[in-house]
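**Student:** model this:
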Amino acid sequence: MTNQELSLIFSDIAAMLRLKKENIFKIRAYEKVARSIAELKEPVEKLVNEGRLSEIPGAGEAIRKKLIELAATGKLAFYEKLKGEFPEHSPAAPLPGAA
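**Tutor:** Prediction:
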């Protein structure tokens, strides 16, 4: 999975959490890590394999676990669950009210 694909997933999570009116700090953490991943010079998969995820700005323990899950399986259960709550949403389409 490319850094751009990972960045989109975390941006999408932030947008759906915003719609759910989740904690703003949690939303901002996902937004920050999405930006950080998009700007990385190295693939996240390489950082996972080398145990260097703490080098990603904004990647706390919970987000690092999600990155490991994505690298290992290509899927993220948390993301799939959120998408199930917003079946009309597609990652490429902005969510209403998430601007």
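**Student:** From Ile24, how far out is the nearest residue to Thr2 once chain neighbours are set aside?
**Tutor:** Once its chain neighbours are removed from consideration, Thr2 has its nearest residue in Pro43; the separation is 7.3 Å (C-beta to C-beta, 6 or more residues apart in numbering). No exception for glycine: its C-beta is placed from N, CA and C like everyone else's. From Pro43 over to Ile24 the distance is 30 Å, taken as C-beta to C-beta, to the nearest Å.
**Student:** Looking at these two, which is more packed in?
**Tutor:** The residue with more neighbours, out of Pro43 and Ile24, is Pro43; 15 against 10, by other C-beta atoms under 10 Å.
**Student:** My guess is that one contacts Asn3. True?
**Tutor:** Yes: under the criterion of C-beta atoms under 8 Å, Pro43 lies in contact with Asn3, with a separation of 6.1 Å.
**Student:** number of nearby residues for Leu40?
**Tutor:** 16.
**Student:** typo on my end, it should be Lys21
**Tutor:** Residue crowding around Lys21 was assessed by other C-beta under 10 Å; the count is 8.
**Student:** Quick check: phi and psi at it.
**Tutor:** phi 60, psi 40 (degrees, to the nearest 10).
**Student:** residues in contact with it?
**Tutor:** Contacts for Lys21 were tallied using C-beta atoms under 8 Å, 6 or more residues apart in numbering; there are none.
**Student:** Model confidence score at it, please.
**Tutor:** In the prediction, the pLDDT value recorded for Lys21 is 93.
**Student:** got it, and Pro87?
**Tutor:** On pLDDT, Pro87 comes in at 78.
**Student:** count of neighbours near it?
**Tutor:** Pro87 has 7 neighbouring residues, counting by other C-beta under 10 Å.
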